[in-house]
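In: Sequence and computational prediction follow.
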Amino acid sequence: MEKDVVLDEERIMDVATTLFGERGYAATSVRDIARVLDISIATIYYYFKNKEDLLFSIIKSSGNDLLLLLHESMEQFSDPVERLRHMIAGQVCMAYQKKNWVKVYVEEQGNLSKKYKDIIYRQHREIYDTYIKQLQELKKLKLVRVEQLPIAAFAVFGMVNWCYRWFKEDRGVPLEEVAQILVDISFHGILPPGRALSSGVKQSRQPAKK
C-alpha cells in the first residue's frame, strides 16, 4: 500500500530533474521516478499526462525562473551597464546552483514534440529579446563596439549556459568570482584594455627542416 506522503508537482519535478540530469531523459523511466518518491506510477500520472509532459514542465519552469531573474535585474538597476552585469552574473549562479535543471533545459529539449518545442521557442525568444534590449541600450550610449548584437547575445548564452559542465567549487574559486570573471570577459574580452588585434592572424613561417 502506498505510503501517505505530502506530494505536489514541484516535488515530482525536482526528483525527475535529478534523475534526468544524472542518467539522461531517455534512460529514466516514470517507474524510476516513482520508485525514488516511493509512490505509484498512477500518482505521477495524476499530475502529468506522460513523461514528455513532465519534461516539458521542467524545461518551462527553468525558463520561467530565468526570466524572473532577468526581470528582477531590470527592475533593480536603472543603469544599463549594471543591469546587464547582474543579468549575466545571476544567470551564471543559477546555472550552477540549479545545474540539473539547467542541464535538462539545455540538453533535453530535443526530446520534446513540436507542440511543446514551439512553446519553449517562444520562451527562448523572450529571453533573447530581454538581452538584446539591454545591448541596444548600451549601443545607443556608444558602449558596445560589436555591430552584430545577436552574435554578442549568443556568445553570452554560450559562456553562461555551459558553466554547469565545468565549474567545480572544490577547485578553490568561489562561484561569485567565476560569475564576475565571465561578466568581465563578456564586457571586455580577455586582452588588456587598449590592446587591439588585427582582423587577420599572421602565422609565422618557420623554415622547413632539412
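Out: Thanks, I have the structure now. Residues are numbered from 1 along each chain as shown.
In: Tell me the helices and strands packed up against the least confident helix or strand in the chain by mean pLDDT.
Out: In the chain, no helix or strand scores lower on mean pLDDT, DSSP states H and E than helix 163-166, which sits at a mean of 77. With contacts taken as 3 or more CB pairs under 8 Å, 6 or more residues apart in numbering; DSSP states H and E, helix 163-166 sits against helix 80-97, helix 99-107. To be clear about C-beta, it is placed using only N, CA and C from the backbone, and glycine gets the same treatment.
In: how about low-confidence regions in this structure?
Out: When residues are selected by pLDDT under 70, those of the chain lie in 1-7, 169-171, 190-210.
In: where along this protein do the helices fall?
Out: With DSSP state H as the criterion, the chain has helices at 9-23, 30-37, 41-47, 51-76, 80-97, 99-107, 114-140, 149-161, 163-166, 175-188.
In: Adding mean neighbour count, write the ones you listed out as a markdown table.
Out: Shown next, in a markdown table, are the helices of the chain (neighbours: other CB atoms under 10 Å):
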| stretch | mean neighbour count |
| --- | --- |
| helix 9-23 | 19 |
| helix 30-37 | 16 |
| helix 41-47 | 15 |
| helix 51-76 | 18 |
| helix 80-97 | 20 |
| helix 99-107 | 20 |
| helix 114-140 | 15 |
| helix 149-161 | 16 |
| helix 163-166 | 15 |
| helix 175-188 | 16 |
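In: and stretch 79-87, how far out from the chain's middle?
Out: 18 Å (CA atoms, centre = their mean, to the nearest Å).
In: Apart from its chain neighbours, what residue comes closest to residue 126?
Out: In this structure, residue 126 finds its nearest non-sequential neighbour in residue 67, 6.2 Å apart by CB to CB, 6 or more residues apart in numbering.
In: one step back: distance to residue 154 for the helices and strands packed on helix 163-166 - can I get that in CSV?
Out: Shown next, in CSV, are these (distance: least, CB to CB, whole Å):
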stretch, distance to residue 154
helix 80-97, 13
helix 99-107, 13
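In: Specify the stretch among the ones you listed that is closest to residue 43.
Out: helix 99-107 (21.3 Å; CB to CB).
In: Can you show me the CA trace of that closest one as CSV?
Out: Presented in CSV, the C-alpha positions along helix 99-107 are these (Å, rounded to 0.1, in the frame of the first residue of the first chain):
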residue,chain,number,x,y,z
LYS,A,99,22.7,22.7,-12.5
ASN,A,100,20.5,19.6,-13.0
TRP,A,101,17.6,21.9,-14.0
VAL,A,102,19.8,23.9,-16.4
LYS,A,103,21.4,20.7,-17.8
VAL,A,104,17.9,19.3,-18.6
TYR,A,105,16.9,22.7,-20.0
VAL,A,106,19.9,22.9,-22.3
GLU,A,107,20.4,19.2,-23.3
